[in-house]
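> show me the folded form of this:
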Amino acid sequence: MIFLLVLGSGVAIFNVLKLANLAEDMYKHHLVASNIVRDINIKLLTMQRDMKNALLSANESELHDAIDAVNATENQVLSELDGISVQFLGDKALIQAASQAVLKWRPIREEVIALMLSGNHAEAVAINKSKGAGQVQHINDTTQALIHFANTQAAAFHDKAEINKKTTLFLLSILLIFSMLTTIVIYFYVLRMFTKVNLELTSSKHLIDQNMMIKTLNLEGKTTEISSAFCRYTGYLQEELIRQKNNFFLAEDNQALATRIWRSIQTGHAWEGEYVLQSAVGENKWVSAVIEPILDVDYNPIAYRSIVRDISDRKEVEALTITDKLTSLYNRQYFEIAIKQQASLARRNKQYLTLAILDMDYFKKYNEKYGYEAGDSVLAEVAIFLQQTLKRPSDYVFRMGGAEFGILMLDMDEQQSFNFLEAIRVGVETLNIAHELSYISDFVTVSIGFQAYADIPADEQIFIQADKALYSAKEQRNTVKGNSCAEASEEKIDSESSESSEV
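Numbers count the residues shown, from 1 in each chain. Below you'll find the model as predicted:
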């Protein structure tokens with residue numbers, strides 16, 4: 001079918017080209033030749049007029065001017081005759097005859113001019129009227145032969161054009177009918193395929209809407225589209241979310257993350273990460289999200305797309321490996337990971353990093369007095385207090401093992417860290433958990449050693465310095481010791497080690 005269309009089109013194009021060539025031949029030969037011949041006739045009349053001006057000249061200067069004008073026009077006539085020979089399709093002898101006729105007029109003119117110069121004006125006029133007029137008529141006859149041939153050729157071209165026109169119209173009619181039939185067949189085929197593809201797209205769109213959590217935001221952060229799966233997951237209706245700003249369903253205390261996300265995507269870069277999503281009923285769910293800008297042809301953001309995946313089950317499994325069962329705090333294993341991450345973050349952002357280690361005072365005696373179950377209850381109660389106190393997203397609290405807890409904090413200098421940890425120390429004591437065997441209080445207390453770093457050392461040194469500060473705090477009990485105490489404690493440890501060696 002396509003081959004026939006191409007073949008028919010080729011034949012039609014061929015005939016159209018033939019028509020075009022015929023039209024070009026008619027133009028080149030008939031129109032061009034006729035126009036040039038008519039122009040030559042006008043120039044011949046001009047030459048006759050200039051000859052009359054020569055005969056009527058009052059002086060020799062006017063005579064020479066008239067002669068120069070005649071000669072110049074003659075040269076133009078001969079040049080045009082040479083030019084027409086290139087496009088003339090007939091016998092070139094006709095053009096040569098016309099040129100010879102023009103050249104034969106020259107001796108007659110020269111004879112007339114010679115008589116004028118010798119003063120024989122009457123004889124010059126007579127020769128111009130007899131010989132000159134006769135030669136001009138001869139020139140006109142030869143040029144008319146050219147026009148006659150051009151008209152004859154034009155008629156022949158016209159006949160050919162009529163034949164080609166009818167042939168072309170016939171072929172184009174067949175091609176048009178065939179094209180219409182082909183178009184109808186293709187139309188119904190395309191319509192059928194379009195309907196099929198449209199159904200598949202509708203089905204795919206429905207599957208995506210029901211199973212993938214996707215939403216689109218405008219540049220202002222307002223939701224323009226959201227999938228049904230996303231609505232079910234968050235517990236909102238679409239009507240509640242469209243044209244509303246929800247900052248990726250982040251909790252109020254995690255808006256700093258929302259700010260970081262916006263900074264990333266507004267510069268044209270996608271943001272990818274994990275965070276806790278808050279549902280309509282306040283339930284926290286872990287999700288993995290890819291939030292990317294939708295760019296125009298100039299790579300400027302025109303909207304944003306968020307694709308979210310629930311990872312709560314994975315986070316629960318992870319939590320089992322990084323969480324202390326008794327206190328639900330992060331365990332020592334996760335502490336090793338978190339301290340590297342926080343140290344790297346503090347170095348990059350040029351922030352303070354504080355590590356504090358808390359140890360329950362006389363906790364072994366507490367277990368001996370009240371039993372291990374009571375001791376576990378105390379650890380759990382202190383853990384809850386620490387979780388409630390450390391509210392910032394960048395704060396971490398760990399159970400390091402036994403009665404020791406670890407705290408990681410960012411962006412607090414030494415004095416701020418001391419004040420905060422002192423409040424924790426006082427807070428633990430004011431829990432009023434009775435401890436009869438304590439030598440320093442009637443209640444359970446803690447000793448705290450910490451180190452606040454402006455220049456972050458190697459990861460292993462961070463813990464060592466805080467542990468030395470704790471050693472100093474445990475000498476006094478129920479107190480907080482910081483950076484300077486860690487240095488003093490290090491000197492004391494070295495001193496005791498030296499004395500022990502001497503003994």
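> who are the packing partners of the host helix or strand of residue 61?
Element membership for residue 61 (DSSP states H and E) is helix 60-87. Where contact means 3 or more C-beta pairs under 8 Å, 6 or more residues apart in numbering; DSSP states H and E, helix 60-87 is packed against helix 32-55, helix 92-118. All C-beta spots, glycine's among them, are computed from the backbone N, C-alpha and C.
> what pairs with the lengthiest strand in the chain, parallel or antiparallel?
Longest strand in the chain, counting residues (DSSP state E): strand 284-295. According to DSSP bridges, strand 284-295 forms sheet pairs with strand 271-278 (antiparallel), strand 301-310 (antiparallel).
> mind checking which of the ones you listed is nearest residue 393?
Across the strands paired with strand 284-295, residue 393 has its closest neighbour in strand 271-278 (9.6 Å, C-beta to C-beta).
> coming back round to it: would you reformat the helices and strands packed on helix 60-87 as JSON lines and include distance to residue 438 and mean neighbour count?
Listed next are the helices and strands packed on helix 60-87 as JSON lines, based on distance: least, C-beta to C-beta, whole Å; neighbours: other C-beta atoms under 10 Å:
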{"stretch": "helix 32-55", "distance to residue 438": "124", "mean neighbour count": "18"}
{"stretch": "helix 92-118", "distance to residue 438": "134", "mean neighbour count": "16"}
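> reformat the ones you listed into JSON lines and put distance to residue 270 next to each item.
Putting the helices and strands packed on helix 60-87 into JSON lines (distance: least, C-beta to C-beta, whole Å) gives the following:
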{"stretch": "helix 32-55", "distance to residue 270": "69"}
{"stretch": "helix 92-118", "distance to residue 270": "79"}
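> kindly reformat the ones you listed as CSV containing mean pLDDT.
Below are the helices and strands packed on helix 60-87 laid out as CSV (pLDDT from 0 to 100):
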stretch, mean pLDDT
helix 32-55, 79
helix 92-118, 82
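> and of these, who's closest to residue 406?
Nearest to residue 406, of the helices and strands packed on helix 60-87 and by C-beta to C-beta, is helix 32-55 at 103.1 Å.
> show me what that closest one is packed against.
By 3+ C-beta pairs under 8 Å, 6+ apart, helix 32-55 packs against helix 60-87, helix 92-118, helix 121-127, helix 133-211.
> low pLDDT regions in this protein?
1-33, 85-91, 150, 153-155, 157-158, 161, 484-503 (pLDDT under 70).
> residues in contact with the residue nearest the centre of the chain?
Centroid-nearest residue in the chain, with C-alpha atoms, centre = their mean: residue 299, separated by 3.5 Å. The contact partners of residue 299, by C-beta atoms under 8 Å, 6 or more residues apart in numbering, come to residue 268.
> do that again at 10 Å, thanks
By C-beta atoms under 10 Å, 6 or more residues apart in numbering, the contact list for residue 299 reads 268, 293.
> helix, strand or coil for it?
Put simply, residue 299 is coil when judged by DSSP: H, G, I helix; E, B strand; the rest coil.
> what of residue 255?
Applying three-state DSSP: residue 255 is helix.
> what's around the nearest residue to it once chain neighbours are set aside, how many residues?
Counting by C-beta to C-beta, 6 or more residues apart in numbering, residue 247 is the residue found nearest to residue 255 once chain neighbours are left out, at 6.7 Å. Residues near residue 247, counting by other C-beta atoms under 10 Å, number 16.
> residue 262 versus residue 247, what's the distance?
According to C-beta to C-beta, to the nearest Å, residue 247 stands 8 Å off from residue 262.
> who touches both of those two?
residue 221.
> now residue 49: how far from residue 42?
Distance from residue 49 to residue 42, counting by C-beta to C-beta: 11 Å.
> what is in contact with the two at once?
residue 73.
> shouldn't residue 217 be in contact with residue 246?
Yes. Between residue 217 and residue 246 there is a contact at 9.2 Å, judged by C-beta atoms under 10 Å.
> between the two ends of stretch 389-408, how far is it?
One end of stretch 389-408 to the other measures 13 Å (C-alpha to C-alpha, to the nearest Å).
> and this structure, what are its domains?
Using automatic domain parsing, the domain ranges for the chain come out as 2-183, 213-311, 323-502.
> pick the most buried one from those.
domain 323-502 (a mean of 17; mean count of other C-beta atoms under 10 Å).
> starting at the chain centroid, how far to that domain?
52 Å (C-alpha atoms, centre = their mean, to the nearest Å).
> which one of the helices and strands packed on helix 32-55 lies nearest to residue 451?
Nearest to residue 451, of the helices and strands packed on helix 32-55 and by C-beta to C-beta, is helix 133-211 at 49.9 Å.
> next, the angle from that closest one to helix 32-55.
140 degrees (axes from the mean of the first three to the mean of the last three C-alpha atoms, to 10 degrees).
> from the contact counts, what lies against helix 133-211?
helix 2-25, helix 32-55, helix 60-87, helix 92-118, helix 228-234 (3 or more C-beta pairs under 10 Å, 6 or more residues apart in numbering; DSSP states H and E).
> what's the angle between the following helix or strand past that helix and strand 284-295?
Counting by DSSP H and E, the element after helix 133-211 in chain order, helix or strand, is strand 213-217. Here strand 213-217 runs at an angle of 50 degrees relative to strand 284-295 (the same axes, to 10 degrees).
> what about residue 314, distance to residue 321?
11 Å.
> again but with residue 422, I slipped
Distance from residue 422 to residue 321, by C-beta to C-beta: 34 Å.
> same deal with residue 212?
29 Å.
> more neighbours: which of those two?
Set side by side, residue 212 and residue 321 show more neighbours around residue 212, with 14 against 9, by other C-beta under 10 Å.
> phi first, then psi, for the more buried one.
The phi/psi pair for residue 212 (degrees, to the nearest 10) reads phi -120, psi 140.
> surely it touches residue 310?
No. Using C-beta under 10 Å, residue 212 is not in contact with residue 310, being 11.2 Å away.
> surely residue 258 touches residue 221?
Yes. Counting by C-beta under 10 Å, residue 258 sits close enough to residue 221 to count as a contact (9.1 Å).
> check contacts around residue 242.
By C-beta under 10 Å, 6+ apart, residue 242 lies in contact with 215, 222, 223, 224, 225, 226.
> same question for residue 296.
302, 303.
> doesn't residue 399 belong to a strand?
Yes. With three-state DSSP as the criterion, residue 399 is part of a strand.
> residue 330 is in contact with that one, correct?
Yes. Here residue 399 reaches residue 330: they are 7.5 Å apart, a contact under C-beta under 10 Å.
> tell me the residues that contact both of those two, please.
Counting by C-beta under 10 Å, 6+ apart, the residues touching both residue 399 and residue 330 are 323, 324, 406.
> can I get those residues in JSON lines including secondary structure and distance to residue 283?
Converted to JSON lines, the shared contacts of residue 399 and residue 330 look like this (DSSP: H, G, I helix; E, B strand; the rest coil; distance: C-beta to C-beta, whole Å):
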{"residue": "323", "secondary structure": "strand", "distance to residue 283": "19"}
{"residue": "324", "secondary structure": "coil", "distance to residue 283": "24"}
{"residue": "406", "secondary structure": "strand", "distance to residue 283": "29"}
